[in-house]
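Participant: Predicted model and sequence below, questions to follow.
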Amino acid sequence: MITRKQLNNGFEYLEIVNRSAQASLALQGAHLFKYQSYADPAPLLWLSRASYFQKGKAIRGGVPICWPWFGKHPTDPGLPQHGFARTMPWELIAQNETDAQQTELVLRLQDSPDSLKLWSHNFELLLKISIGDRLILSLTTSNRGSKPFTVTSALHSYFMVSDISRVEVKGLDQALFIDTLSRSESIQRGSLVIDKEVDRIFQKVRYPLAIIDRNRTITINATGSSSAVVWNPWQTKSMTMADMNRDSYQTMLCVETTNALADGQKIAPGGKHSLTAALSTSPLSTG
Ligand code: TA6
């Protein structure tokens, strides 16, 4: 079942319920901000208790869409970090409750006078979301203009973890990464544990990745993605963020399915590119 809802301030979102899972999706930014499979005792995605739900402000949590650039704009510091897709109004163009176990939604963002002020290209951006016992998000960029353009992008997934000091990220062993904090390059040795602020852009990533939590494994599979970003702001940075509480960092971890830095995608006129993340959980045998 798909129900249109509004917060008291008029912020619109959709509530999706089927036999496998429940989810909530804001039309602003096509931003999925809640998802929980009924097979899992905890939500898959983390959402800040202090998040904004206001026009033009990104929600802190869920899966923000960073597009058409990831991070700070490469040349113009006046442009919004992570692009504009996550704060613009999208339209729901298709919905299909394939069966009682699965719901599919397609949302669209197209170039507009507002977007052309920020980025001078004609485009169509589609997000297809499949909500079932897994969560699948597929972001397809189409070049509707007469010139090629290059996009960097991310499905910037915030995952709920039981205790950040007890998780590890597997699948990045030997991967080259840029540490954005020290602006240095290095190679990941073994699993990644989080015991301080971490903000690493991994290149040439081979999926799947996994977050090993106390009693579950979160598996992140992807297609069309060559990079991955692992981010936790830790306490000091969290305290500088109005939409994070001081203890927020203890139960969240971003493992983002991206094409960042040198992994930007050049799309010819008439061409398209899809970035897809398939997210699932499985219980960790405590034996
Ligand atoms: O997750 C990587 C990152 O680029 C971090 O550097 C941090 O800025 C994070 O994204 C959140 O960015 P935001 O603009 O949503 O506050």
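Facilitator: It's in.

Participant: For Asp263, see how far away Leu172 is.
Facilitator: 15 Å (C-beta to C-beta, to the nearest Å). Bear in mind the C-beta positions are built from the backbone N, C-alpha and C, glycine included.

Participant: Which one's more surrounded, those two?
Facilitator: Taking neighbours as other C-beta atoms under 10 Å, Leu172 and Asp263 compare with Leu172 leading, 23 against 19.

Participant: what sits against Gln101?
Facilitator: Contact analysis of Gln101 by C-beta atoms under 8 Å, 6 or more residues apart in numbering lists Asn18, Arg19, Ser20, Gly132, Asp133.

Participant: Can you check the pLDDT for the fourth one?
Facilitator: The model reports Gly132 with a pLDDT of 97.

Participant: dump the residue contacts of the closest residue in space to it that isn't next to it in sequence.
Facilitator: Nearest residue to Gly132, sequence neighbours excluded (C-beta to C-beta, 6 or more residues apart in numbering): Gln102, at 3.7 Å. Contact analysis of Gln102 by C-beta under 8 Å, 6+ apart lists Asn18, Ser20, Ser130, Ile131, Gly132.

Participant: what's the closest of these to Arg200?
Facilitator: Ser130 (28.6 Å; C-beta to C-beta).

Participant: Spell out which residues of this structure are next to the ligand.
Facilitator: Within the chain, the residues that sit near the ligand (C-beta under 6 Å from any ligand atom) are Ala58, Gly71, Gln81, His82, Thr180, Asp199, Val229, Trp231, Cys254, Glu256.

Participant: Share the number of residues neighbouring whichever residue of the stretch 1-150 of the chain sits closest to the ligand, please.
Facilitator: For the stretch 1-150 of the chain, the residue closest to the ligand is Gln81, as judged by C-beta to the nearest ligand atom, at 4.2 Å. For Gln81, the count of nearby residues is 13 (other C-beta under 10 Å).
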